[in-house]
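[1] Structure of the sequence below:
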Amino acid sequence: MSEMIQPSGPTGDAAAAKSGGARASLTQAHRDLVAITKARLSLLVVITALCGYFAAARAGGEGVHWMTALHILIGTALAAFGSAVFNQLMEVDADARMFRTADRPLPARRMPHALAFVMGWLLAAFGIIHLGMKVNPLAAALAAATLLSYLFVYTPMKRRTSWNTIVGAVSGALPPLIGWVGGGQPLFSWGGLFLFAILFLWQLPHFVAINWMYREEYERGGFVMWSNGDESGARTARLALGFSLVVAVFPLLPVLTGVVSLWFLPPGFFLGWSMAWLAARFFRSRKRVDARRLFFFTLLYLPLILTAALLTWRSPAP
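    From the prediction side, this is the model:
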(Lines give C-alpha, C1' and ligand atoms only; values in the text may rest on other atoms or scores of the structure.)
Protein backbone atom coordinates (compact mmCIF):
# COMPACT_ATOMS: atom_id res chain seq x y z
CA MET A 1 0.00 0.00 0.00
CA SER A 2 2.86 2.38 0.74
CA GLU A 3 4.04 2.11 -2.85
CA MET A 4 0.58 3.06 -4.09
CA ILE A 5 0.47 6.43 -2.27
CA GLN A 6 4.01 7.56 -3.19
CA PRO A 7 4.41 9.72 -6.32
CA SER A 8 6.28 8.21 -9.18
CA GLY A 9 9.96 9.09 -9.55
CA PRO A 10 9.74 11.60 -12.42
CA THR A 11 6.71 13.39 -10.96
CA GLY A 12 8.27 13.62 -7.51
CA ASP A 13 11.54 14.89 -8.95
CA ALA A 14 9.72 17.53 -11.01
CA ALA A 15 7.76 18.73 -7.97
CA ALA A 16 10.92 18.90 -5.88
CA ALA A 17 12.75 20.77 -8.63
CA LYS A 18 9.85 23.23 -8.97
CA SER A 19 9.76 23.79 -5.21
CA GLY A 20 13.52 24.25 -5.09
CA GLY A 21 13.39 26.69 -8.00
CA ALA A 22 10.69 28.73 -6.27
CA ARG A 23 12.73 28.91 -3.08
CA ALA A 24 15.82 29.94 -5.05
CA SER A 25 13.82 32.68 -6.80
CA LEU A 26 12.48 34.01 -3.51
CA THR A 27 15.97 33.95 -2.00
CA GLN A 28 17.38 35.87 -4.99
CA ALA A 29 14.51 38.38 -4.84
CA HIS A 30 15.24 38.97 -1.15
CA ARG A 31 18.94 39.46 -1.87
CA ASP A 32 18.16 41.88 -4.67
CA LEU A 33 15.84 43.88 -2.42
CA VAL A 34 18.53 44.10 0.26
CA ALA A 35 21.09 45.15 -2.36
CA ILE A 36 18.97 47.74 -4.20
CA THR A 37 18.05 49.48 -0.94
CA LYS A 38 21.59 49.15 0.52
CA ALA A 39 19.95 47.79 3.64
CA ARG A 40 23.09 47.79 5.81
CA LEU A 41 24.00 51.37 4.99
CA SER A 42 20.37 52.43 5.37
CA LEU A 43 20.29 50.75 8.79
CA LEU A 44 23.21 52.93 9.85
CA VAL A 45 21.30 56.02 8.71
CA VAL A 46 18.27 54.97 10.75
CA ILE A 47 20.35 54.23 13.87
CA THR A 48 22.04 57.63 13.77
CA ALA A 49 18.68 59.36 13.30
CA LEU A 50 17.29 57.52 16.32
CA CYS A 51 20.39 58.46 18.34
CA GLY A 52 19.66 62.08 17.47
CA TYR A 53 16.11 61.67 18.73
CA PHE A 54 17.17 59.99 21.99
CA ALA A 55 19.69 62.79 22.56
CA ALA A 56 16.94 65.35 21.97
CA ALA A 57 14.63 63.58 24.40
CA ARG A 58 17.38 63.56 27.03
CA ALA A 59 18.24 67.21 26.41
CA GLY A 60 14.58 68.20 26.69
CA GLY A 61 14.04 66.20 29.86
CA GLU A 62 10.63 65.04 28.69
CA GLY A 63 11.47 61.39 28.11
CA VAL A 64 11.16 59.28 24.98
CA HIS A 65 7.88 59.24 23.08
CA TRP A 66 8.06 55.85 21.43
CA MET A 67 5.52 56.61 18.71
CA THR A 68 7.61 59.60 17.64
CA ALA A 69 10.69 57.37 17.60
CA LEU A 70 8.79 54.83 15.48
CA HIS A 71 7.72 57.49 12.98
CA ILE A 72 11.30 58.77 12.73
CA LEU A 73 12.45 55.19 12.11
CA ILE A 74 9.87 54.56 9.40
CA GLY A 75 10.29 57.88 7.59
CA THR A 76 14.09 57.86 7.71
CA ALA A 77 14.30 54.23 6.58
CA LEU A 78 12.01 54.80 3.59
CA ALA A 79 13.90 57.93 2.53
CA ALA A 80 17.24 56.12 2.90
CA PHE A 81 15.97 53.17 0.86
CA GLY A 82 14.77 55.49 -1.89
CA SER A 83 18.07 57.36 -1.95
CA ALA A 84 19.97 54.08 -2.30
CA VAL A 85 17.82 53.00 -5.25
CA PHE A 86 18.33 56.29 -7.09
CA ASN A 87 22.07 56.20 -6.38
CA GLN A 88 22.37 52.80 -8.04
CA LEU A 89 20.32 53.98 -11.01
CA MET A 90 22.75 56.87 -11.46
CA GLU A 91 25.83 54.65 -11.12
CA VAL A 92 24.72 51.48 -12.90
CA ASP A 93 27.47 51.81 -15.53
CA ALA A 94 30.18 52.23 -12.89
CA ASP A 95 28.79 49.36 -10.82
CA ALA A 96 28.97 47.11 -13.88
CA ARG A 97 32.72 47.78 -14.19
CA MET A 98 33.59 47.01 -10.56
CA PHE A 99 33.86 43.40 -9.37
CA ARG A 100 32.42 44.15 -5.93
CA THR A 101 29.24 45.72 -7.36
CA ALA A 102 28.77 43.99 -10.73
CA ASP A 103 26.30 41.50 -9.27
CA ARG A 104 23.92 44.15 -7.98
CA PRO A 105 20.43 43.74 -9.47
CA LEU A 106 20.67 46.65 -11.93
CA PRO A 107 24.07 45.97 -13.56
CA ALA A 108 23.31 42.23 -13.49
CA ARG A 109 20.00 43.00 -15.30
CA ARG A 110 17.84 41.15 -12.80
CA MET A 111 15.71 44.27 -12.24
CA PRO A 112 14.34 46.64 -14.89
CA HIS A 113 15.45 50.25 -14.58
CA ALA A 114 11.85 51.45 -14.80
CA LEU A 115 10.86 49.32 -11.81
CA ALA A 116 13.79 50.65 -9.78
CA PHE A 117 12.88 54.24 -10.75
CA VAL A 118 9.29 53.84 -9.55
CA MET A 119 10.48 52.06 -6.40
CA GLY A 120 12.92 54.87 -5.61
CA TRP A 121 10.30 57.58 -6.08
CA LEU A 122 7.73 55.82 -3.93
CA LEU A 123 10.15 55.05 -1.10
CA ALA A 124 11.68 58.53 -1.01
CA ALA A 125 8.36 60.35 -1.33
CA PHE A 126 6.58 58.29 1.30
CA GLY A 127 9.52 58.63 3.67
CA ILE A 128 9.70 62.41 3.45
CA ILE A 129 5.91 62.83 3.56
CA HIS A 130 5.69 60.50 6.56
CA LEU A 131 8.25 62.57 8.47
CA GLY A 132 6.42 65.78 7.58
CA MET A 133 3.04 64.50 8.70
CA LYS A 134 3.97 62.36 11.70
CA VAL A 135 7.07 64.12 13.09
CA ASN A 136 7.48 67.72 11.90
CA PRO A 137 8.24 69.66 8.70
CA LEU A 138 11.84 70.41 9.69
CA ALA A 139 12.63 66.71 10.07
CA ALA A 140 11.14 66.13 6.61
CA ALA A 141 13.18 69.03 5.19
CA LEU A 142 16.40 67.59 6.59
CA ALA A 143 15.59 64.16 5.13
CA ALA A 144 14.99 65.82 1.76
CA ALA A 145 18.24 67.78 2.08
CA THR A 146 20.11 64.57 2.85
CA LEU A 147 18.65 62.83 -0.20
CA LEU A 148 19.16 65.75 -2.59
CA SER A 149 22.75 66.48 -1.50
CA TYR A 150 23.62 62.78 -1.71
CA LEU A 151 22.15 62.29 -5.17
CA PHE A 152 22.68 65.59 -6.94
CA VAL A 153 25.88 66.91 -5.35
CA TYR A 154 27.91 64.02 -3.94
CA THR A 155 27.10 61.35 -6.55
CA PRO A 156 28.07 63.47 -9.60
CA MET A 157 31.16 64.80 -7.81
CA LYS A 158 32.52 61.26 -7.40
CA ARG A 159 33.44 61.29 -11.09
CA ARG A 160 34.98 64.77 -11.07
CA THR A 161 36.94 65.58 -7.94
CA SER A 162 38.36 63.80 -4.92
CA TRP A 163 36.75 66.45 -2.72
CA ASN A 164 33.57 64.43 -3.09
CA THR A 165 34.53 62.71 0.18
CA ILE A 166 34.06 65.96 2.10
CA VAL A 167 30.72 66.65 0.43
CA GLY A 168 29.60 63.07 1.04
CA ALA A 169 30.55 63.40 4.70
CA VAL A 170 28.28 66.45 4.97
CA SER A 171 25.39 64.48 3.51
CA GLY A 172 26.14 61.53 5.77
CA ALA A 173 26.20 63.73 8.87
CA LEU A 174 22.65 65.06 8.41
CA PRO A 175 20.59 61.99 9.54
CA PRO A 176 21.16 62.45 13.30
CA LEU A 177 19.78 65.97 12.92
CA ILE A 178 16.53 64.47 11.59
CA GLY A 179 16.06 62.84 14.98
CA TRP A 180 17.37 65.87 16.88
CA VAL A 181 14.83 68.29 15.40
CA GLY A 182 12.21 65.52 15.43
CA GLY A 183 12.63 65.53 19.19
CA GLY A 184 11.85 69.24 19.33
CA GLN A 185 15.38 70.60 19.69
CA PRO A 186 16.67 73.60 17.70
CA LEU A 187 18.73 72.79 14.62
CA PHE A 188 21.35 75.45 15.38
CA SER A 189 22.51 74.46 18.83
CA TRP A 190 25.60 72.95 20.45
CA GLY A 191 23.87 69.58 20.68
CA GLY A 192 23.00 69.61 16.99
CA LEU A 193 26.53 70.71 16.10
CA PHE A 194 27.99 67.86 18.14
CA LEU A 195 25.80 65.24 16.44
CA PHE A 196 26.64 66.60 13.00
CA ALA A 197 30.36 66.93 13.71
CA ILE A 198 30.86 63.46 15.18
CA LEU A 199 29.27 61.85 12.12
CA PHE A 200 31.18 64.14 9.75
CA LEU A 201 34.58 63.53 11.33
CA TRP A 202 34.04 59.78 11.72
CA GLN A 203 33.39 59.33 8.00
CA LEU A 204 36.74 60.76 6.91
CA PRO A 205 39.16 58.09 8.25
CA HIS A 206 36.47 55.49 7.57
CA PHE A 207 36.24 56.32 3.87
CA VAL A 208 39.90 57.01 3.14
CA ALA A 209 40.75 53.57 4.53
CA ILE A 210 38.18 51.74 2.41
CA ASN A 211 39.02 53.86 -0.64
CA TRP A 212 42.65 52.82 -0.49
CA MET A 213 41.79 49.16 0.12
CA TYR A 214 39.68 49.12 -3.06
CA ARG A 215 41.46 51.83 -5.04
CA GLU A 216 41.73 49.70 -8.19
CA GLU A 217 37.98 49.10 -8.08
CA TYR A 218 37.18 52.80 -7.71
CA GLU A 219 39.54 53.67 -10.56
CA ARG A 220 37.94 50.97 -12.74
CA GLY A 221 34.52 52.44 -11.96
CA GLY A 222 35.64 55.93 -12.99
CA PHE A 223 35.48 57.46 -9.52
CA VAL A 224 37.97 60.17 -8.50
CA MET A 225 39.18 59.47 -4.97
CA TRP A 226 42.11 60.65 -2.84
CA SER A 227 43.47 57.10 -3.01
CA ASN A 228 43.59 56.99 -6.82
CA GLY A 229 47.12 56.29 -7.99
CA ASP A 230 48.39 56.13 -4.41
CA GLU A 231 50.05 52.74 -4.75
CA SER A 232 52.41 53.32 -1.82
CA GLY A 233 49.61 54.48 0.47
CA ALA A 234 51.64 57.53 1.53
CA ARG A 235 48.99 60.14 0.69
CA THR A 236 46.10 58.09 2.06
CA ALA A 237 47.96 57.27 5.28
CA ARG A 238 48.71 60.95 5.91
CA LEU A 239 45.05 61.81 5.43
CA ALA A 240 43.91 58.96 7.67
CA LEU A 241 46.30 60.02 10.43
CA GLY A 242 45.36 63.69 10.20
CA PHE A 243 41.64 62.99 10.29
CA SER A 244 42.04 60.50 13.15
CA LEU A 245 43.95 63.03 15.26
CA VAL A 246 41.07 65.48 14.87
CA VAL A 247 38.67 62.73 15.96
CA ALA A 248 40.92 62.02 18.97
CA VAL A 249 40.79 65.57 20.35
CA PHE A 250 37.18 66.26 19.37
CA PRO A 251 35.63 65.01 22.69
CA LEU A 252 36.81 68.24 24.31
CA LEU A 253 34.26 70.31 22.35
CA PRO A 254 31.01 68.76 23.66
CA VAL A 255 32.38 68.82 27.21
CA LEU A 256 33.45 72.48 27.02
CA THR A 257 30.11 73.50 25.50
CA GLY A 258 28.14 71.63 28.16
CA VAL A 259 26.49 69.13 25.83
CA VAL A 260 27.84 66.13 27.75
CA SER A 261 29.39 65.68 31.18
CA LEU A 262 33.05 65.14 32.01
CA TRP A 263 32.36 61.39 32.06
CA PHE A 264 32.34 61.52 28.25
CA LEU A 265 36.07 62.26 28.15
CA PRO A 266 37.44 58.82 29.22
CA PRO A 267 35.58 56.77 26.56
CA GLY A 268 35.84 59.60 24.03
CA PHE A 269 39.61 59.90 24.39
CA PHE A 270 40.14 56.15 24.58
CA LEU A 271 38.22 55.51 21.36
CA GLY A 272 39.65 58.52 19.54
CA TRP A 273 43.27 57.87 20.43
CA SER A 274 42.84 54.18 19.63
CA MET A 275 41.78 55.22 16.15
CA ALA A 276 44.75 57.59 15.91
CA TRP A 277 47.09 54.77 16.99
CA LEU A 278 45.74 52.48 14.27
CA ALA A 279 46.06 55.29 11.73
CA ALA A 280 49.68 55.86 12.84
CA ARG A 281 50.32 52.15 12.41
CA PHE A 282 48.97 52.35 8.86
CA PHE A 283 51.07 55.49 8.31
CA ARG A 284 54.23 53.58 9.27
CA SER A 285 53.54 50.33 7.43
CA ARG A 286 51.33 51.41 4.52
CA LYS A 287 50.05 47.85 4.32
CA ARG A 288 46.54 46.78 3.40
CA VAL A 289 46.18 44.78 6.60
CA ASP A 290 46.67 47.94 8.69
CA ALA A 291 44.27 49.95 6.53
CA ARG A 292 41.79 47.13 7.05
CA ARG A 293 42.29 47.23 10.83
CA LEU A 294 41.63 50.97 10.81
CA PHE A 295 38.51 50.53 8.69
CA PHE A 296 37.02 47.87 10.95
CA PHE A 297 37.80 49.93 14.06
CA THR A 298 35.85 52.83 12.59
CA LEU A 299 32.85 50.49 12.38
CA LEU A 300 33.24 49.79 16.09
CA TYR A 301 33.96 53.40 17.01
CA LEU A 302 30.68 54.92 15.87
CA PRO A 303 28.18 52.89 17.95
CA LEU A 304 30.45 53.10 21.00
CA ILE A 305 30.97 56.86 20.84
CA LEU A 306 27.26 57.48 20.27
CA THR A 307 26.39 55.25 23.23
CA ALA A 308 28.89 57.10 25.42
CA ALA A 309 27.40 60.43 24.31
CA LEU A 310 23.84 59.35 25.09
CA LEU A 311 24.82 58.03 28.52
CA THR A 312 26.61 61.26 29.46
CA TRP A 313 24.28 63.74 27.74
CA ARG A 314 23.36 66.57 30.10
CA SER A 315 19.71 66.72 31.05
CA PRO A 316 18.11 69.97 32.22
CA ALA A 317 18.34 70.63 35.92
CA PRO A 318 15.23 69.51 37.87
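
[2] Give me the distance between stretch 224-241 and the centre of its chain.
    Centroid separation for stretch 224-241 versus its chain: 22 Å, with CA atoms, centre = their mean, to the nearest Å.

[3] buried stuff in it?
    By 16 or more other CB atoms under 10 Å, the buried positions in stretch 224-241 come out as 224-228, 230, 233, 235-237, 239-241. Just so you know, the C-beta spots here come from the backbone N, C-alpha and C atoms, and that holds for glycine as well.

[4] Count the neighbours of residue 285 for me.
    Under the neighbour criterion other CB atoms under 10 Å, residue 285 is assigned a count of 13.

[5] Could you pull up the residues touching it?
    Residues near residue 285 by CB atoms under 8 Å, 6 or more residues apart in numbering: none.

[6] And the pLDDT for it?
    Among the per-residue scores, residue 285 shows a pLDDT of 95.

[7] again with the one 4 residues further on
    Among the per-residue scores, residue 289 shows a pLDDT of 96.

[8] Now do the phi/psi pair for it.
    Listed backbone geometry of residue 289 is phi -60, psi -40, with angles given as degrees, to the nearest 10.

[9] ditto for residue 146
    Its backbone dihedrals place residue 146 at phi -60, psi -50, with angles given as degrees, to the nearest 10.

[10] can you confirm residue 220 is in a helix?
    Yes: according to DSSP: H, G, I helix; E, B strand; the rest coil, residue 220 belongs to a helix.

[11] What pLDDT is listed against it?
    According to the model, residue 220 carries a pLDDT of 92.

[12] returning to what we had before: so, if you compare the buried residues of stretch 224-241, which one comes nearest to residue 143?
    Checking the buried residues of stretch 224-241 against residue 143 with CB to CB, the nearest one is residue 225 at 27.0 Å.

[13] For the buried residues of stretch 224-241, could you give me JSON lines that also reports pLDDT?
    As requested, the buried residues of stretch 224-241 are exported to JSON lines (pLDDT from 0 to 100):
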{"residue": "224", "pLDDT": "94"}
{"residue": "225", "pLDDT": "94"}
{"residue": "226", "pLDDT": "93"}
{"residue": "227", "pLDDT": "92"}
{"residue": "228", "pLDDT": "91"}
{"residue": "230", "pLDDT": "91"}
{"residue": "233", "pLDDT": "91"}
{"residue": "235", "pLDDT": "95"}
{"residue": "236", "pLDDT": "95"}
{"residue": "237", "pLDDT": "96"}
{"residue": "239", "pLDDT": "97"}
{"residue": "240", "pLDDT": "97"}
{"residue": "241", "pLDDT": "97"}
